[in-house]
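> The sequence isn't on hand, but the structure is:
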């Protein structure tokens, strides 16, 4: 648990339940969903009011740390910052979240996160927190089926079946979907020790500019427009 006071607001971060994190993602994050487990869930409170969560996970890429000489236990992905209306800056909230993360997982040396320009995001919160921008991921394709559901390119196949999590599952068939080309996501790195910062600092590139007016309402790839007003139905968690 970590509490921080100033004259305006009492900020508290602590580990939170799956239910609380799920609620925040569904109401205050553009994805409307939790990331793939396992997930580390950190709740955020201001003046004892629950205002959202910060979630870390292994991310979709098993080899996320390979390029930096790191084992999977030494790197994680910041996968959600799902916040309602809040007075503290996101950079301050993340700084406290990193302390809790390091306290729980003392071997973590690097955090990776992405901003999605397809959602109008350039990564404002990362730029404000001095993350190292290393460029964009390759372009990708999403697939929209006849029901309007959008599938990631890893979730479709020619046959309509694909192994997922150790079992064969029914998925969308490529030739029955509309292809949606997408530009790559902006990739940001946050080193957690001096040696790691020295190693990756030479990879730094100029920050991308904001993609569109959308970013004014949603300043990063995590917060949804739930940040416009507080929500009286949010979970009451001490």
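Yep, it's here. What you are looking at is a predicted structure, and each value in this text was computed from that prediction instead of being measured.
> can you pull the contacts of residue 143?
With contacts defined as Cβ atoms under 8 Å, 6 or more residues apart in numbering, residue 143 is in contact with 150, 151, 153, 155, 156, 172, 174, 177, 178, 179, 180. In this view, the C-beta of every residue, glycine as well, is placed from N, C-alpha and C.
> Okay, now the unreliable bits of the protein?
1-7, 59-60, 165, 211-238 (pLDDT under 70).
> Which residue of it lies farthest from its centroid?
residue 159 (31.5 Å; Cα atoms, centre = their mean).
> Which residues are in contact with it?
Per Cβ under 8 Å, 6+ apart, neighbours of residue 159: residue 173.
> Not counting its own residues, what contacts the longest helix anywhere in the chain?
If you go by DSSP state H, the chain has its longest helix at helix 90-104. Residues outside helix 90-104 that contact it (Cβ under 8 Å, 6+ apart): 2, 4, 11, 13-15, 40, 42, 44, 54, 56, 76, 78, 81, 83, 86, 108, 111, 125, 128-129, 190, 192, 219-220, 223.
> Identify the residues contacting residue 126.
Listed by Cβ under 8 Å, 6+ apart, the contact set of residue 126 reads 113, 115, 133, 188, 190, 220.
> Mind checking which of those residues are in strands?
113, 115, 133, 188, 190 (DSSP state E).
> just checking, the fourth one touches residue 131?
Translated: residue 188. Yes: with contact defined as Cβ atoms under 8 Å, residue 188 reaches residue 131; the gap is 4.1 Å.
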